[in-house]
Structure formats: C-alpha cells, structure tokens
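[1] Need coordinates for the below:
(3 chains)
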Amino acid sequence: MPLGEDMHALVRRLYPLCRSITGDGVRETLKIVGEHVDLTVHEVPTGTQVLDWTVPQEWNIRDAYIARDGERVVDFQALNLHVVGYSVPVDETMSLAELRGHLHTLPDQPDLVPYRTSYYAPTWGFCLAQSTLDEMSDGDYEVRIDSTLADGSLTYAEHVVRGQVEDEVIVSCHVCHPSLANDNMAGVAVAVELARWLAQSPRNPYYTYRFIFAPGTIGAITWLARNRERVDRVKHGIVLACAGDRGSLTYKQSRRGDAEIDRVLAHVLGDRPHEIREFSPYGYDERQYCSPGFDLGVGSLTRTPYAGYPEYHTSGDNPDFVTPESLLDTLEACQEAVAILDRNRTYVNLSPYGEPQLGRRGLYSSLGGRSDAHDAQLAMLWVLNLSDGTHDLLAIADRARLPFPAVAAAADALHAAGLLKD
Amino acid sequence: MPLGEDMHALVRRLYPLCRSITGDGVRETLKIVGEHVDLTVHEVPTGTQVLDWTVPQEWNIRDAYIARDGERVVDFQALNLHVVGYSVPVDETMSLAELRGHLHTLPDQPDLVPYRTSYYAPTWGFCLAQSTLDEMSDGDYEVRIDSTLADGSLTYAEHVVRGQVEDEVIVSCHVCHPSLANDNMAGVAVAVELARWLAQSPRNPYYTYRFIFAPGTIGAITWLARNRERVDRVKHGIVLACAGDRGSLTYKQSRRGDAEIDRVLAHVLGDRPHEIREFSPYGYDERQYCSPGFDLGVGSLTRTPYAGYPEYHTSGDNPDFVTPESLLDTLEACQEAVAILDRNRTYVNLSPYGEPQLGRRGLYSSLGGRSDAHDAQLAMLWVLNLSDGTHDLLAIADRARLPFPAVAAAADALHAAGLLKD
Amino acid sequence: MPLGEDMHALVRRLYPLCRSITGDGVRETLKIVGEHVDLTVHEVPTGTQVLDWTVPQEWNIRDAYIARDGERVVDFQALNLHVVGYSVPVDETMSLAELRGHLHTLPDQPDLVPYRTSYYAPTWGFCLAQSTLDEMSDGDYEVRIDSTLADGSLTYAEHVVRGQVEDEVIVSCHVCHPSLANDNMAGVAVAVELARWLAQSPRNPYYTYRFIFAPGTIGAITWLARNRERVDRVKHGIVLACAGDRGSLTYKQSRRGDAEIDRVLAHVLGDRPHEIREFSPYGYDERQYCSPGFDLGVGSLTRTPYAGYPEYHTSGDNPDFVTPESLLDTLEACQEAVAILDRNRTYVNLSPYGEPQLGRRGLYSSLGGRSDAHDAQLAMLWVLNLSDGTHDLLAIADRARLPFPAVAAAADALHAAGLLKD
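    From the prediction side, this is the model:
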C-alpha cells in the first residue's frame, strides 16, 4: 500500500508544526504541501474586510512553558497543544492558585491534553493533562509565553487542475489545527494525492478542480470574499476532514440535500459501510460554502465525523490514530466520486419513438430468445429510455441499479452510434 | 392541580343541562361559560338560510317519561339522554308493542343509555338501557314528551382575545350535546381556560384568538355563513372535543395535511404519547371548516377520538369518565401549540454570505476548540443558515431537532443584533 | 369455471402453431382468434420502414429435422421449438462436430428444449434437450430445414370495442412465440375473453378499447409507426403476458410510474397476493409504448413476470404450465381494472362551502347520534370533500380506504342530486 504509506508519512511530517489561523505554522505547512503539488500561496493582510469578518492580527509563537525552579512542567516544545492558540505574551511568576484560571484540562480524560484557542478575545492559557495538573503542588511557577500578535497576514493556498470547462469542483481542507493528525493533516494528505491522481490522468478532466488549503472559518470566508464574483463557477465541492481514522466513511450532505455531489457520494458509498447525514450548520467549512447566500453544492466527507470520537481535539489525535489503510480508503472513495462527477452528463435520445434497432448497429446480440439480459445491453436500454433531458447518467445508474461505469460505457456506445446527443 | 379541578368542576356543572342544536339548554350553557369569559351571544332566527342549510325551529323540552300506573319507568328528569333530541310532543297511552318502534337501546351494552337525535325528520323516541327494556312487561304505558318545536332562534357565542394583527386563530367547540361529559363539556372547559390563559399574558398575543361555542354542524355552518366575507382572516384553528378522557392525545390534521397548525401540533405532541391522523370528512366541525370551499387550516384535537371509546354517545360518558389530569394535559398541549403558533415567523438572514461573526456581537463563546456545542449557539447557526425566507422557526426547530423555544430565543438574539429581518 | 376452461382450451388449440414475427403461423393464430372476436387483420409489406426499423422478410417453415440413417433425432414436427426461429434453409449432411456450432441446449435443465431466434442475422440452428444431445453419437447426420425467407408481409390484428369517446385504452399481446403456452397464448386467451366481456356490457364503455395482437417488438413498433398521428388518443393501456401460470399477479408500472393505469392496478391488486414493480426498459411491448418519445400510460400485467420462472422460454412452458384458475384470476383482475378505469372521473363539488345538507335530499339517515358511520354515507362525505377538481374517484377511494364501487355509487347519487358536476 505505497500510497497509503505515502499519505501517512505526510501526516507524520506535518503533524509537529504549530499551525493556527495565521502565522508561520501555516506557511511551513503549505511549503511542505507545495513539495507535492504546485501551490499558489495567498497572503491577505491583517485588517482586510472579508465578508462579515476582518482578517485578524498574525500570531506567532516561539516558546512557552510553565516551570518550577527552572524545570518545565508544561512545555510547548514537547507538544504545541499545550498553549491556547492566539495566547498573548506572558512572562510572570505566579502561584498555582493564580495560574489555575488559565489552565484547561479534561478531567474525564485525565491523560489527554485538550486543544483550545481564543482567536478573537485577547487572553492566554495553557492546556495540560489533568494528571499533570494533579501532580502540581502549590507554590510559585514561572509562566512564559513567547508569542507575538501583530499586523501581518492570513495565508492560504490553491492548487488548480485545469479541466475542459471553467466550471469548478472545489476540494477544501482546513490547515489551522496544530498537532492534530486526523483533524486535519489526514484530509490534507488525501487532498494532495487526489490532486496528483487527477494530474496523472491521460486527458484533462472535464471540470476544473481547485484544491483549497486554508485555515478553518476565516480562511474559507477569505476565499469566498476574494472569489465572490466567480463563485458561481463552483458547481460541486467536497470539504475533506478527519480522513484517516479507523471509522467508516461519513458523508454529510450539502445544504441542498439533493445536489449532484450528494447523489454522487450516496452512489459511491452505497457499496461500503458508511453513514449519510443531513446537512447541519455545524462542522467544517461546508458551513461557509453552504451559507444561504452561497448555498453551493458542497458536502463534507470524513471518516468518523466532527466531534464524533473521544480523541477529537485532544492530544489523542496523533499520527497513530490515523492509518494508511483508512487514508487509502478515503482517497479511493474520492477518486470514485470524482470519476462519476466528471463523467456524469445528461443526454437526449435522438431516436425516442420506440426502441432504436440496436442489432443493425452492432450494439445488440443477434440471437434472441435468451432470457439472460446482459448488463451492457440493459444499460443501453436504460440510457435510451431515460435520456429525455431530465435524467443524468447517475440518475439512470441509480434507477437501473447498475454500476455507473456500465451506464457510462453504454452512453459512449450510443453516442458513437449517433443515438444520443449531449 | 387547581386548574384541572377547576375545569372538572365546570364540566360537572354543565353536564346536567339538556342541550340540543337550539333551545334554552344551549343558552343556559353559554350563560355559565359567560361567567368565566366574556361572551358575545348571537341569536339567529329560525328560517335563516345558512350556506346550504336553513336554521331549524327551536326545540325546548320541559319533561318526558314513560310511566306505568303513574310510576316513571324512563324519566327525562333523571337523565336527559332518555329523550331523542328534537322529539315532537307526545301524550298517549300505548302498548309496549306499539312503543317499541320508538325505543332505542344498546343490546351489546345493556346498562348504558344511548344518545340519539332526529333534528330534521319530525319524530319522537326514547333511549333507555336494554336492561330496563328487558324488565318492562307487556301492557299499556303512559308516554309523554312535553316539548315544543317552534320558531325561535339558534344560539352561539364568541369570545375574542384581541391580538396585534387581525389575522385570527379560531378555537371551536360544539355545545349541542346534552348530558355527555367528555363530548363536549370537556372541550368547552379546556377552551375556557385557554382563553383565560391568553388574557393573562403580559402582552397581547400576535394573532387575534376567537373562541366559538356553537352547536355542531348547523352552528359551525351558521358561523361560516355569517362570517363568509371575513373567513379569510382565519389563518389557523383547532376544533376541541373529547378533551378529558383517560386516553392519550390525538390530533387529526386539517384537510391540507401540511398546514402550519398541522406542523405545530406534530411538534407539540412529538414528546408525548399521541396519535396523528390524516383528515377525514367525518368527526366534528373540522368537517365544515375544512369543506373544500373554505379549506381552512383547522385541525381537531381530542384525546380518544370521535367514536373511539365504548362510552361514546352513551350515558357512560359522564363526569367520572373525565379526569382533571387529562383536562390539564389537553390544556397544556393547547398552550404549547398556541405559544408556538403565536411566535412562529419566517425571517431573512441579512448576512447570508458566510456565517456572520457572532463573537464580536457577543453572541458566541470566545474560547474555541471545545467540541461540545451548546444548544443556544447551535440554534443561532441553524436560524442563520435556514432563514432564507422559506423556513419558519418551527421548520428550523424540526429540522435542527431543537426545542422551539431555543430556536425562538436564538431568533430574538439575532434580530436584536440586526442579523435578521422579518 | 367454464370461462377458465374456455380460455385454457384456446391456449391448447393455439399452442402447436409455429408462430414467428412474420409468416403463416401468426396468420393461422389470428384466424382462430377471429373465431372469437372480430378482427381487422393488417399485412405490412417487407421493406416498410417502421420508426427506426424495417419490416423484415417473411419466414415460413414446412419441416426440419436432424436425422441419422433416416431416423429423426430432432424433429420439428414433434415440437416447433426445435428450430431456431428465422433459420435459413439447410439441406446437408454433416458430422456431429460440424453440427455442434448450430445446436442450442440448456445444460442446467437437461430435459428441456430452449427457445431461440435469429430474426436479423441470417443463420440456422436447432434447439434440443441436453439429454438428447448427450445420446447423439459421432458420425454424419442429415440436416434439413425446409424454410423460406422471402419478401412478404408482417401480420397483426386489431379488435375494437367502440366507446362513448374516442380516447382509447389499448390491450396489447404479443403473438410471435411458437409453442410457448404461458408466453403468450395465455395472454391472448385472457385478452379475447376481456374483449367479449366488454362487448356483453349493457351499455357502451366510456373509452374505446383497442385490442392489439401483434408480434413482439417489431409488431408494436409497426403499430406505433402506422398510428403515430393518433397515438395521443391512447390514454391508458395494458400489455398482457404470462397470464396463466400458477404464480400470483405482477404489475409492472408504466414509465411514468404515477399514470392512472398504475393507480388503478395498485388498487385492484391491493386485495390479492401481488407484486408491483417499477418500470424497466426490459420485458414485453411496454418497452415500445413507454419509449420516451411516446411515454404512454401503459403498464404490463403478468403473473410470474418476464424471465421469472425456470420454464421461461423452454419446452417446459406448455399447456400444463397454465391453469384455468390462473387464467380466470387474471381475467377478473383485468375486468376490475377496466371497470375502474372506465368509471373513474374527476368531479367538482357544486356546494363546496360547508357540507350540503344531505338529509333533505334523502341522501342521509335522519337519525343522528349513532356512532357507526355507514360506508355509503362516508363515501358521500369523502366525494364531497375531495371533489375540488384535483382528485378523481380512484384517488378518493384510495384516500378514504373505501372500495371504488362504493365511491362511484356515492358520486352517482350526488351527481343525480345536482351536487356534483363533471
């Protein structure tokens, strides 16, 4: 499983970087991704108005710890989750009692460190295991966060695979989480391989595929703000997240619920253990793409979904939580979905009065009377019967309970025989 | 349970009156109801054309009996069900054999007296227990019905709670049944308390609420005939009947099946043992309100529905058949329904492109990364996402599987923040 | 069961004829059918263009055999399935090895002879039991097919029962299969009795009923080609096939899926063991009637459906495979369907505001208060309530869960009373 291993290696390499919604961690992440696929990196200055939001100051951090007598009890260098994201600088000595108001633990999961941020309210804090806190005795602690919060920019990147048309499919991954592996370096790794697979295709895809690597919420909002005039080119999309845990695949529908992407994923997942969920305005950046003003045909593909596993947003979401097998399975589902989406078309039967005589066109076995109907012939009959301008090939495949490739092949043969038009 | 006891006391007080579709029994009933809520009483003269019908002669009865040797065997004074409603006067002596054609019993429920009427065909009759009939020996009986059938009027009453708009919600109860407690003095008692509760509200309700106390069929038809020009103000309505028996609640949908009142009751009953039935043109006055020419959004709320219990339309439907607990439960369901109906509104998100930044408006917890989403925040996201002019708050609550009050509170907060418009 | 026996006798009489898509076997079949119902027989010359197809040469066969030393091993005279339909003439002696390429057997059903044809590719062949083939020793065989393939005509026939309107219901049966009893002499026999039953009706049916007896595929295509300008008169139709086996009834919906005929058959079959299948473009001549250019409201009624039994298209489909009871049951279902279709109408309630007073029109029992509602009265209330121009009587019967005849009788009574208009 070299591809699965490749993706897992990328997850492991990206995992240690201290990402946030701005800053050098995101830049470093995109630099590594850019070693695999060409990226256009965008820097959007602090203070830029993006839809209802404003790009915040850039946050960078070099070091942070809680120490006693010079010995680090909580150490950012060991795990970047230890610092609340966007913490303002601190350099103080204070008692444990004073410190407690700035400490975040998970009492019910005493050995795990939680992930916390405070992007838009200036504060600071540390996250640590409850078991660590329990061992901290009263007394004074040196508390230091060597961070800067200053005008700078928000960073995101795009990779585009040009298609035959300008209509676009977007694949969007959030890149703002520090050391969380499944959420979302796994999504990034799958997106990278999906992009490489598309580029390897012998011919251009039909759609133009745009991969968006951006910080969650503010990144998607920034992308939407800067692409507002051309967002109607986006015909379909997938938000990729939590792509590598051991759970089965989950597809969360677009807000529309019956968008083409929703039908495609239902078809692809039909043969696997899976769950399909209705849209909800909570989760990842589908929230932005599916806000009512945009209402794009964008769903979200995950394995175990948002907030659905105990390790979610904790130090338990480390590279061991992600497997090469799961990454590969997610990739393959994406590939199947893209293959269907890219080939799906609505045809019109040019010989709609009675069945056309397939036999004289070499499209039909000449020996009649046999009661076993072959899939290929069935597929042609279904395509002819339903190609009235209101059923696309996917709808025909679903209705006929035939594999999409068989239906597409039938359409190809019928089109070549002059019996169908686009 | 003072309210439940109050309602039960009203049922007991109203129970003995000999009501019919016209006459002093209805007037006396409305006089007692009028002690609890202000009523406008209408008298519609005999002969008045009302839609396809004509107001019949008024029927009054003072006494009736079947006696033998001066001893009453069947006595109207003991139970007014003993006389067939609208019986013409009789004063004869006749053999049991002659009498039998005028006697109605329930052989399968030998100790119960049935309820029978003959409004539109002049006849007379007595209803009695089969066990009583079985003990009547052959021979002559004195048969007397001291009734009058004469020009007069049909009586109905209205109680109106003014709202902020002229659009109306009607609550309609039939008041034509003599000594039947559940059907429908229980409905009357619940309607009275619902009206009082509305009046006690600190501010005017949104809708104007009109309570209609009228005889069944001809009363509703009379009301519709006299309000034909303004009936389009009636946006929603509930026919209240059989409101106090020990069964669970049953809601019968309006003819439309998807009227707002139908969704409201489905939401309210969702958390209780209940049954929802499709509309049928048999039952109470929803038949008239939902006739195809009017087709109002009026459903019917009962406990055990129309003709659904053995005591239905018999002497078994006495005050013991009705409980304070059931009356209170029906009232509470009505109150919840009214609260939703009155608050339900369709908003438009004024910031529909991406999510608006709730944090800077103080509407969102500033500490991110926590995986537990609070209902209040979820409700705001749902309201923002679905407020596109096609979803009302109830639809949002149903879709989000959130309590209606949480969704309404979210809408209030968002409206106050200028993020929603009506 | 004289009717069932009559139909079975017709199946037995028609069974031995060697039918194909053209030729004297079809003509002889139609001649026998014409003894029961008047037929208009059409002859369409070889070479005529019919939609996308061309009428082929006419095929006739007098004899065929495989013999060894003058003794027939495979003999057309014993069973006409032994020759592949449309086989070109042969008169040769050849080794078993050479012959094998022209032999068709069913190895999994070794005692059955398959049915095979090759209408549009000139070839020849024999069908035989695998057990027969197994006994054929190596050596030379005399192989003779005394057939002619020559310009001639395609034959089909129509029987028309004139109705009150020119709108038509078609009943279509394929008549191209040689010695197969259930498929489709059973369908022919049921169609014949259905036509006779319609003619015996005391008054003209509402619709004009057209029975089409034509070879499969090319026959239906020829009929459609020659009736293209008037095909929009066809409002409903049933393709009758496999009408006599011991299985329960199966209805395959029209392409539309919600055509009136689909609702009628669902209603009729509702009380019997049955299966309803969605349309598929594989089966009998519904394929042609439901091609997207025509898209007629034509479904298919069978017992065990197309290709659904092991004897399908084999010598096992002989008259013993068909029973009088099954033929009668199919006929009765057709009669019920026709009765509903012919009577189904959409009315408009002329007194839609409130319920009209049925009592004064003699349409309602005058004694009220009884809790048992009679079907006839319920049916009237349903018809009045739903006759708003959007519900036909069948929709009302389905919604009310009442038998169609009760609903139709209610409509008759209400129409007679001036309460409904067409």
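
[2] Check chain A and tell me which residue is nearest its centre.
    Residue closest to the average C-alpha location in chain A (CA atoms, centre = their mean): residue A:240, at 1.4 Å.

[3] Name whatever forms a beta bridge with that residue.
    For residue A:240, the beta-bridge partners under DSSP bridges are residue A:301.

[4] Residue A:215: how many residues sit nearby?
    Applying other CB atoms under 10 Å in any protein chain shown, we find 24 residues neighbouring residue A:215. (Each C-beta comes from the backbone N, C-alpha and C, glycine too.)

[5] That one against residue A:177, yeah?
    No. Using CB atoms under 8 Å, residue A:215 is not in contact with residue A:177; the gap is 9.0 Å.

[6] can you list residues touching both of these two?
    Residues touching both residue A:215 and residue A:177 (CB atoms under 8 Å, 6 or more residues apart in numbering or on different chains): residue A:19.

[7] so who does the residue nearest to the centre of chain A touch?
    For residue A:240, the contacting residues are A:171, A:172, A:173, A:184, A:187, A:190, A:191, A:300, A:301, A:302, A:330, A:334, by CB under 8 Å, 6+ apart.

[8] The same query, at a cut-off of 7 Å, please.
    A:171, A:173, A:187, A:190, A:191, A:301 (CB atoms under 7 Å, 6 or more residues apart in numbering or on different chains).

[9] Turn those residues into CSV, columns for neighbour count.
    CSV is the format used below for those (neighbours: other CB atoms under 10 Å in any protein chain shown):
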residue, neighbour count
A:171, 26
A:173, 27
A:187, 31
A:190, 31
A:191, 29
A:301, 27
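
[10] The strand or helix carrying residue A:276 packs against which elements?
    Using DSSP states H and E, the element containing residue A:276 is strand A:274-277. With contacts defined as 3 or more CB pairs under 7 Å, 6 or more residues apart in numbering or on different chains; DSSP states H and E, the packing partners of strand A:274-277 are strand A:249-252.

[11] Make sure residue A:44 is indeed in a strand.
    Yes. Counting by DSSP: H, G, I helix; E, B strand; the rest coil, residue A:44 is found in a strand.

[12] Get me the contact residues on chain A for chain B.
    A:51-53, A:115-121, A:221, A:224, A:255, A:281-282, A:287-288, A:291-294, A:307, A:312-313 (CB under 7 Å from any CB of the partner chain).

[13] give me the residue from the stretch 151-300 of chain A nearest chain B.
    Ranked by CB to the nearest CB, the top residue of the stretch 151-300 of chain A for proximity to chain B is residue A:293, at 3.3 Å.

[14] Pull the contacting residues for the residue nearest to that residue when sequence neighbours are not counted.
    Distance criterion CB to CB, 6 or more residues apart in numbering or on different chains; nearest residue to residue A:293, sequence neighbours excluded, is residue B:352 at 3.3 Å. Taking CB under 7 Å, 6+ apart, we find residue B:352 in contact with A:291, A:292, A:293, B:388.

[15] Tell me the one of those nearest residue B:20?
    residue B:388 (52.7 Å; CB to CB).

[16] residue ranges for the strands of the stretch 301-422 of chain A, please.
    Using DSSP state E, counting those that start in this stretch, the strands of the stretch 301-422 of chain A run over A:346-349, A:388-392, A:420-421.

[17] May I see those strands arranged in JSON lines, with mean pLDDT and mean neighbour count as well?
    What follows is those, written out as JSON lines (pLDDT from 0 to 100; neighbours: other CB atoms under 10 Å in any protein chain shown):
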{"stretch": "strand A:346-349", "mean pLDDT": "98", "mean neighbour count": "18"}
{"stretch": "strand A:388-392", "mean pLDDT": "97", "mean neighbour count": "15"}
{"stretch": "strand A:420-421", "mean pLDDT": "98", "mean neighbour count": "16"}
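
[18] Can I get the biggest helix by length in chain A in CSV, CA atoms only?
    Counting residues, the longest helix found in chain A (DSSP state H) is helix A:324-343. Output of helix A:324-343 as CSV, limited to C-alpha atoms (Å, rounded to 0.1, in the frame of the first residue of the first chain):
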residue,chain,number,x,y,z
PRO,A,324,-2.5,4.1,5.9
GLU,A,325,-5.5,1.8,5.1
SER,A,326,-8.0,4.4,6.1
LEU,A,327,-6.3,7.2,4.2
LEU,A,328,-6.2,5.0,1.1
ASP,A,329,-9.9,4.1,1.5
THR,A,330,-10.8,7.7,1.8
LEU,A,331,-8.7,8.5,-1.3
GLU,A,332,-10.4,5.8,-3.3
ALA,A,333,-13.8,7.0,-2.4
CYS,A,334,-12.8,10.5,-3.5
GLN,A,335,-11.4,9.1,-6.8
GLU,A,336,-14.6,7.2,-7.5
ALA,A,337,-16.7,10.3,-6.7
VAL,A,338,-14.5,12.4,-9.0
ALA,A,339,-14.7,9.9,-11.8
ILE,A,340,-18.5,9.9,-11.6
LEU,A,341,-18.9,13.6,-11.2
ASP,A,342,-16.5,14.2,-14.1
ARG,A,343,-18.3,11.8,-16.4
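
[19] Give me the residues contacting that helix.
    Contacts of helix A:324-343 with the rest of the structure, by CB under 7 Å, 6+ apart, involve A:1, A:3-5, A:7-8, A:169, A:186, A:189-190, A:193-194, A:197-198, A:205-207, A:236, A:243-246, A:249, A:261, A:264-265, A:267-269, A:301, A:303, A:394, A:404, A:408.

[20] In the stretch 1-150 of chain A, what residue lies closest to chain B?
    Closest to chain B within the stretch 1-150 of chain A is residue A:121: 3.7 Å, counting by CB to the nearest CB.

[21] where does chain A dip in pLDDT?
    Scanning chain A for pLDDT under 70 picks out A:1, A:365-373.

[22] 90 instead?
    Applying pLDDT under 90 to chain A flags residues A:1-2, A:120-121, A:201-203, A:359, A:362-376.

[23] So which residues of it form helices?
    Counting by DSSP H, the helices of chain A are A:2-14, A:24-33, A:96-100, A:130-135, A:186-200, A:218-226, A:260-269, A:286-289, A:324-343, A:375-386, A:393-400, A:404-416.

[24] Is the last one in proximity to chain C?
    So the one you mean is helix A:404-416. No. Helix A:404-416 is not in contact with chain C by CB under 7 Å from any CB; minimum separation 11.6 Å.

[25] Just the angle for that helix relative to helix A:324-343, thanks.
    Interaxial angle, helix A:404-416 versus helix A:324-343 (axes from the mean of the first three to the mean of the last three CA atoms, to 10 degrees): 20 degrees.

[26] Also the first one?
    Between the direction of helix A:2-14 and that of helix A:324-343, the angle (the same axes, to 10 degrees) works out to 110 degrees.
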